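In: Based on what follows, work out the 3D shape:
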Amino acid sequence: MRDMNGPYKLPEGWKWVRLGEVCEIIMGQSPPGHTYTEKPEGLPFFQGKADFTDYFPKVRVWCTQPIKVAEENDILISVRAPVGPVNMSNVKCCIGRGLSAIRCRDSVDNWYLFWYLRSIESQIASLGSGSTFGAITRNDLMNLYTPLPLLPEQRRIAEKLREIMSEIEKARSACERQLEAVKALPSAYLREVFESEEAKKWERRRLGEVLSIIESGSRPKGGVQEVKEGIISIGAEHLNSYGGFNFANVRFIPNAFYQTMKRGKIQKGDVLIVKDGATTGKTSIVDDDFPYKEASINEHVFRLRGKENLLTQQFLFWFLYSPQGQFQIQQEFHGSAQGGINQKFIYGVRIPLPPLPTQQRIANYLKEKMSEVEKLRQAVERQLETINALPQAYLRKAFRGEL
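Out: The predicted model follows:
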């Protein structure tokens, strides 16, 4: 427990107080099951974090015989997994055992305390880390230390934070819309190519006529190793949504097993496609940026190579990655987590086949555009990360008297 000096020095006129000194703590209790109703009878019934939104809980269930009641303007805090999130009650309501109501006395502004509790959510969560189910007690809440200025200053800080958070939310929403627009660009570029007037004139061939290799990989008996040695084994989880690879959780097969493999050894230029499971159809290409000299695929991935006199690898990749290619795959797959596609199906996929120079021109164009999109996506995601970090930054300033 902290002493009354608190974890940091407060401005003049502020003091550290225990929550139990300035608030009433009401622990929730679940009423009998037969008193729950989906009709608006009795009081709205909130059971835990699942009922929370950004600020006010959403009513899903009512209770006709409430046991524990929170009043309008009480702070609701989740006290059972997860521990720490808060909402503000905007109605009189029944609270279950997953929640506690914090009722401020005259010396505390409820929105000021709301923002402070939100600023220390991770600290509150840590209080429940020793519990099997992740829970905190009334005692835990009563002994939380809160920095408390005079009431007018509390209200000023609360109002300032509300204004700042509103502006941050506008910025976040705008950035998220921008990110969605950026994510839509690859499909737009691919449709521009494969639905163009030029594309309508191209010959259509079945992949079985233009592929020289289609094979899945394997792995040794007993599976891959959880060590960073040997030859990397690429599975469905390593193909990302942008045609590249995710190496965060790579696994390996022994070099001796790799040397005996008759199928599934990756070469530069290979087009890889997930053949079964929930991500069936996800496609990547082993391009010049692939970081491993030797690599393999496991039994959940196909590698494809086109006949050099008919099909370039880049064009094959962009077609299978495109909405047109994915449409054919998903028609067969039907989205079943247990389903998949087999070699016979791959052979039957119809691909537009312009002359090789046209394929190369299109591949170069799409690669350039997708590189621009990827840079833009990363920039927008960094911007969104910055925006998402702003609330805690302002909350830290506010409760040090720096706002």
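In: Which secondary structure element is home to I102?
Out: Counting by DSSP states H and E, the element that carries I102 is strand 99-104.
In: partner strands of that strand, parallel or antiparallel?
Out: strand 23-27 (antiparallel), strand 75-79 (antiparallel) (DSSP bridges).
In: Tell me which of those strands sits most buried.
Out: strand 75-79 (a mean of 26; mean count of other CB atoms under 10 Å). C-beta coordinates here come from the backbone N, C-alpha and C atoms, glycine included.
In: contact partners of that one?
Out: Residues outside strand 75-79 that contact it (CB atoms under 8 Å, 6 or more residues apart in numbering) are 27-28, 46, 48-49, 52, 57, 70, 84-89, 95, 97-104, 110, 113-114, 117, 124, 128, 135-137, 141.
In: angle of the very next helix or strand once past that strand against strand 75-79?
Out: Next in sequence after strand 75-79, counting helices and strands by DSSP H and E, comes strand 83-88. Between strand 83-88 and strand 75-79, the angle comes out at 160 degrees (axes from the mean of the first three to the mean of the last three CA atoms, to 10 degrees).
In: Give me the distance from strand 83-88 to the chain's centre.
Out: 21 Å (CA atoms, centre = their mean, to the nearest Å).
In: those helices in the chain, which residues are they?
Out: For the chain, the helices defined by DSSP state H cover 19-22, 110-119, 121-127, 138-142, 151-194, 197-200, 207-210, 255-260, 313-321, 323-333, 343-348, 356-398.
In: Same list (the strands paired with strand 99-104) but as CSV, adding mean pLDDT and distance to Q331.
Out: Formatted as CSV, the strands paired with strand 99-104 follow (pLDDT from 0 to 100; distance: least, CB to CB, whole Å):
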stretch, mean pLDDT, distance to Q331
strand 23-27, 97, 54
strand 75-79, 97, 44
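In: Now the ones you listed in CSV, please, with extra columns for distance to F245.
Out: Listed next are the strands paired with strand 99-104 as CSV, based on distance: least, CB to CB, whole Å:
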stretch, distance to F245
strand 23-27, 49
strand 75-79, 38
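In: between these, which one is nearest to L353?
Out: Among these, strand 75-79 comes nearest to L353, with 58.0 Å by CB to CB.
In: mind saving the C-alpha coords of that closest one as CSV?
Out: Taking Å, rounded to 0.1, in the frame of the first residue of the first chain, the C-alpha atoms of strand 75-79 are listed here in CSV:
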residue,chain,number,x,y,z
ILE,A,75,-19.2,5.0,-11.8
LEU,A,76,-19.4,1.4,-12.7
ILE,A,77,-16.2,-0.6,-12.6
SER,A,78,-15.6,-4.2,-13.7
VAL,A,79,-14.3,-6.2,-10.8
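In: before we move on, back to that, which among the contacts of strand 75-79 end up buried?
Out: When the contacts of strand 75-79 are checked for burial by 16 or more other CB atoms under 10 Å, the buried set is 28, 46, 48-49, 52, 57, 70, 84-89, 95, 97-104, 110, 113-114, 117, 124, 128, 135-136, 141.
In: quick one: contacts for G230?
Out: 252-255, 258.
In: Excluding chain neighbours, what is closest to it?
Out: For G230, ignoring the flanking residues on the chain, the nearest one in space by CB to CB, 6 or more residues apart in numbering is F252 at 3.7 Å.
In: pretty sure the one you found is touching I231, no?
Out: Yes. Look at F252 against I231 with CB atoms under 8 Å: they come within range, at 6.1 Å.
In: Residue ranges in this structure under the pLDDT threshold?
Out: 1-6, 129-133, 222-228, 333-338 (pLDDT under 70).
In: repeat that with 90
Out: Applying pLDDT under 90 to the chain flags the ranges 1-8, 81, 127-134, 218-230, 240-244, 247-256, 262, 277-278, 289, 329-340.
In: got a list of what the closest residue to K58 other than its chain neighbours touches?
Out: Using CB to CB, 6+ apart and skipping the chain neighbours, the partner closest in space to K58 is D51 (6.0 Å). By CB under 8 Å, 6+ apart, the contact list for D51 reads 57-60, 87.
In: ok, now R219?
Out: R219 neighbours (CB under 8 Å, 6+ apart): 233, 253, 257, 298-299.
In: can you put those in JSON lines and add distance to L10 and neighbour count?
Out: Below are those laid out as JSON lines (distance: CB to CB, whole Å; neighbours: other CB atoms under 10 Å):
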{"residue": "S233", "distance to L10": "56", "neighbour count": "26"}
{"residue": "I253", "distance to L10": "59", "neighbour count": "23"}
{"residue": "F257", "distance to L10": "63", "neighbour count": "18"}
{"residue": "N298", "distance to L10": "58", "neighbour count": "19"}
{"residue": "E299", "distance to L10": "62", "neighbour count": "13"}
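In: Thanks a lot, catch you later.
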